[in-house]
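# what's the 3D shape of this:
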Amino acid sequence: MSRILEEVVGASGIKLTNRIVGFVGIIIYTRLVSSIELGQYFLFIGILGVLTTVTVSGLGSATFREISRVDDPDETFTAVLILILILLICLTLMIIPFGTVIDNFIGRDITNALILTLPLEALSIILGIVLRGEEKIIPNEIIWLFSRIMQFCFAVIAIQAGESAFTVVIVAYFIGRAVRVSISYVFIDVSLSGVPPLEEFRSLVHGWRYLSVMRWGNFGQQWVDTLLIGFFLAPASVAVYEVIWRLSSLGLFVLNISSGVLFPRLVKWIERGNSEKFNWYSRRAYLYATMPFVPLALGSVVVGESLLGLLYGSEYASGYIALVLLLFGRSFQSIDSVSNKILMATDNDRVIAIITVAVIVVNLVSNSYLIPRYGLAGAATGTGVAFLCGAVIKSWLSVKSTGVSVPLRDFAMVLISGFFMSTIVYLISLQFSEIRWLQLLVLITIGGTIFCTITAILSRAVSNDVREIFSEYAK
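Presented below is the predicted three-dimensional model:
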C-alpha cells in the first residue's frame, strides 16, 4: 500500500496546484475579458469538448485499459493514432458544411479555429491517457500544469498589449495544447510500430463503441449544459455557469488522482483473482472521492455568494444557488465515476453504455425543461438529477457484480461532520457585518479544520488511514 499512498499523495499535491493555476487563470480571464466574450470562448470549448468526448475520448479510454493490460503496447498505440487520424478526417468533413451554423451559434467566425485546434485536443487527450496507463501520474500532471501556465501567461501578455481579448484566449488555448502534446510525446515509453494486426483495430473499436458513451457520461454533461444555456440564455450566462462549474470541480482532484493511480491496479487484481485488495481499495475510492464535496457543498450554503463575488466579480455572484446545487450533484458524480471504474475493470462496458445513454437522456430532457424556466439553477438541478440516477444504478450493479460494499456508515459520519461544520461556520459568519477576504479565509480555515477533525474522530476508516499515512512517512 505504501507505493500507492505515495503516488496518490504526491500526485494530489501537483493536481491541486494544477487546479489552483486553472482557477487563477479563469479569475484573470473574468477580470480581463468581458462576460459576453468569455461566454463565447466557453461555447467554443464546449463544441470542441462535445466533438472529442463522443469520438476520441472513448478511444482513449479503450487505450488506457489496453495499455494497463498488455506488456508491449506499441502496436496498440500505433493503431490508436491511425484510428484518430480517420476520426479527425471524418469530424473535419462534418464541421465544414455546418461552419455557418456554428459561427452564428457562437456569434463569432470560429470554424477555422475549431478545425485547427481539434487535432491538438485529440492528441493531448490520447497522450495524457497513455501516460496514466503507464502509471506516470505525476509527470502527466506536471506537463498539464506547465502547459496551463504557458497558456495563461501568453493570454495575459497579449491582452495587456492591446490585442483582441477573444482572439487571444482562443490562440492561448491552442498554444497550451501544443505545448502539452509536444512534451507528453517525449515522456511516453510507447513508440510507433509497424502496421498493427487487424485484431488490434478490432479490439480497440469494440471497446470504443461503449467507452465513448461512458466518457460522454463522465465529461460530456458539462458541455450539454453549456450548449443548452448558450441556446436558451445569453452568452454572459454561459460565462457564469462555466465559472461555477469549474469552481465546483475543486473536489474532483481526489477522484481523478485516485482513479488514475488505482484503475490499472484494479484491472490486474481482478485478473489475478485478488478480490480482497480489489474490494478494500474500491471501498476507499468511494469514500475519498465523495468526501470533499460534503464540506464544499454545505460550506457554500454559507459563504458561496461572497466567494463568487470576491473571486470573479459581482456579476458572477448571481450563480450562487447554481453553485450550491452543482456541488451536491458532484457528490453523486463521484459515486458514479468510481462505479464506472469498477465496472470497467470487470469488463461491463455494454452495461455501462446502456445506463449512460439513459442518464444522458435524463440530462437532456431535464435541462431542456428547467433551463428556460429557472436559468442556471435549473441547469445545475438537471445535471444533479442525472448524476444521481447514474450513481444509484451503477453503484448497485457494482455491488451486485463484484461484491464491493459501499461504505454507508463512513458516508454518514462524513455528513454529520459536514452539518456540524456548516452550523459552526454560519454562527461565526453572523458576527461579521460584511464578509471580505480576511473573514472568508477565517471561515474557510475554521470550517476545514472542524470537518477534518470530526471526520477523523467519527470515521474508523479515515482514522485508520490517517495513522497509516503518518506511519509510512515516519519511516
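# what's the domain layout of this protein?
1-218, 233-475 (automatic domain parsing).
# Centre of the chain to the first one, how far?
Taking Cα atoms, centre = their mean, to the nearest Å, one finds the center of domain 1-218 at 12 Å from the center of the full chain.
# repeat for stretch 223-234
19 Å.
# what's in contact with it?
36, 39, 42-43, 45-47, 49-50, 53, 105-106, 237-238, 241-242, 245, 360, 363-364, 367-368, 371-372, 375-376, 379, 382-383 (Cβ atoms under 8 Å, 6 or more residues apart in numbering). From N, CA and C alone the C-beta is placed, and that goes for glycine too.
# Can you point out the buried residues in that stretch?
For stretch 223-234, burial by neighbour count (16 or more other Cβ atoms under 10 Å) applies to 223-230, 232-233.
# Just put those in JSON lines and tack on secondary structure.
JSON lines is the format used below for those (DSSP: H, G, I helix; E, B strand; the rest coil):
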{"residue": "Trp223", "secondary structure": "helix"}
{"residue": "Val224", "secondary structure": "helix"}
{"residue": "Asp225", "secondary structure": "helix"}
{"residue": "Thr226", "secondary structure": "helix"}
{"residue": "Leu227", "secondary structure": "helix"}
{"residue": "Leu228", "secondary structure": "helix"}
{"residue": "Ile229", "secondary structure": "helix"}
{"residue": "Gly230", "secondary structure": "helix"}
{"residue": "Phe232", "secondary structure": "helix"}
{"residue": "Leu233", "secondary structure": "coil"}
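# looking at the domains of the chain, which has the lowest confidence?
Of all the domains of the chain, the minimum mean pLDDT falls on domain 1-218 (a mean of 82).
# quick check, nearest of the buried residues of stretch 223-234 to Leu88?
Trp223 (18.6 Å; Cβ to Cβ).
# From Leu116, how far out is that closest one?
Distance from Trp223 to Leu116, counting by Cβ to Cβ, to the nearest Å: 19 Å.
# before we move on, back to that, show the buried residues in the contacts of stretch 223-234.
By neighbour count, with 16+ other Cβ under 10 Å, the contacts of stretch 223-234 hold 39, 42-43, 45-47, 49-50, 53, 105-106, 237-238, 241-242, 245, 360, 363, 367, 371, 375-376, 379, 382-383 as buried.
# Lowest-confidence one in the buried residues of stretch 223-234?
Per-residue pLDDT puts Trp223 lowest of those, at 76.
# what's the closest of the buried residues of stretch 223-234 to Ile446?
Among the buried residues of stretch 223-234, and counting by Cβ to Cβ, the member closest to Ile446 is Asp225, at 32.9 Å.
# Report all helices and strands that the biggest helix by length in the chain contacts.
Longest helix in the chain, counting residues (DSSP state H): helix 349-402. Judged by 3 or more Cβ pairs under 8 Å, 6 or more residues apart in numbering; DSSP states H and E, helix 349-402 is in contact with helix 198-215, helix 221-232, helix 235-248, helix 275-290, helix 320-345.
# Can you mark which positions in whatever helix or strand Thr76 lives in are buried?
Taking DSSP states H and E as the definition, Thr76 sits inside helix 74-95. Residues 75-84, 87-88, 91, 95 are the ones in helix 74-95 that count as buried (16+ other Cβ under 10 Å).
# Quick check: the nearest residue in space to Leu127 that is not next to it in sequence vs Ile125, distance?
Ranked by Cβ to Cβ, 6 or more residues apart in numbering and with sequence neighbours excluded, the top spatial neighbour of Leu127 is Ser184, at 3.8 Å. Distance, Ser184 to Ile125, using Cβ to Cβ: 10 Å.
# Going along the chain, name the helices of the stretch 1-150 of the chain.
2-32, 35-53, 56-69, 74-95, 99-106, 111-133, 137-160 (DSSP state H, counting those that start in this stretch).
# between the ones you listed, which gets nearest to Glu200?
Closest approach to Glu200 among these is made by helix 74-95 (4.5 Å; Cβ to Cβ).
# elements contacting the closest one?
Using 3+ Cβ pairs under 8 Å, 6+ apart, helix 74-95 is in contact with helix 56-69, helix 111-133, helix 198-215.
# Restrict that helix to CA atoms and write it as PDB.
What follows is helix 74-95, C-alpha atoms only, in PDB (Å, rounded to 0.1, in the frame of the first residue of the first chain):
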ATOM      1  CA  ASP A  74       3.400  -0.300 -29.200                       C
ATOM      2  CA  GLU A  75       1.000  -1.900 -31.600                       C
ATOM      3  CA  THR A  76      -1.900  -0.600 -29.600                       C
ATOM      4  CA  PHE A  77      -0.500   3.000 -29.700                       C
ATOM      5  CA  THR A  78       0.100   2.800 -33.400                       C
ATOM      6  CA  ALA A  79      -3.400   1.500 -34.000                       C
ATOM      7  CA  VAL A  80      -4.900   4.300 -31.900                       C
ATOM      8  CA  LEU A  81      -3.100   7.000 -33.900                       C
ATOM      9  CA  ILE A  82      -4.300   5.600 -37.200                       C
ATOM     10  CA  LEU A  83      -7.900   5.500 -35.800                       C
ATOM     11  CA  ILE A  84      -7.500   9.100 -34.600                       C
ATOM     12  CA  LEU A  85      -6.400  10.200 -38.000                       C
ATOM     13  CA  ILE A  86      -9.500   8.600 -39.600                       C
ATOM     14  CA  LEU A  87     -11.800  10.200 -36.900                       C
ATOM     15  CA  LEU A  88     -10.300  13.600 -37.400                       C
ATOM     16  CA  ILE A  89     -10.800  13.500 -41.100                       C
ATOM     17  CA  CYS A  90     -14.400  12.500 -40.600                       C
ATOM     18  CA  LEU A  91     -15.000  15.200 -38.000                       C
ATOM     19  CA  THR A  92     -13.500  17.900 -40.200                       C
ATOM     20  CA  LEU A  93     -15.700  16.800 -43.100                       C
ATOM     21  CA  MET A  94     -18.700  17.100 -40.800                       C
ATOM     22  CA  ILE A  95     -17.700  20.500 -39.400                       C
END
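# Common neighbours of Ser184 and Ile125, please.
By Cβ under 8 Å, 6+ apart, no residue touches both Ser184 and Ile125.
# Contacts only, for Val169.
Neighbours of Val169 in contact, by Cβ under 8 Å, 6+ apart: 29, 33, 37-38, 41, 155.
# what's the spacing between it and Asp103?
For Val169, the distance to Asp103 - Cβ to Cβ - is 17 Å.
# would you list the contacts of Val169 in a markdown table and tack on neighbour count and distance to Thr402?
Converted to a markdown table, the contacts of Val169 look like this (neighbours: other Cβ atoms under 10 Å; distance: Cβ to Cβ, whole Å):
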| residue | neighbour count | distance to Thr402 |
| --- | --- | --- |
| Tyr29 | 24 | 43 |
| Val33 | 21 | 47 |
| Glu37 | 22 | 48 |
| Leu38 | 24 | 44 |
| Tyr41 | 26 | 42 |
| Ala155 | 25 | 45 |
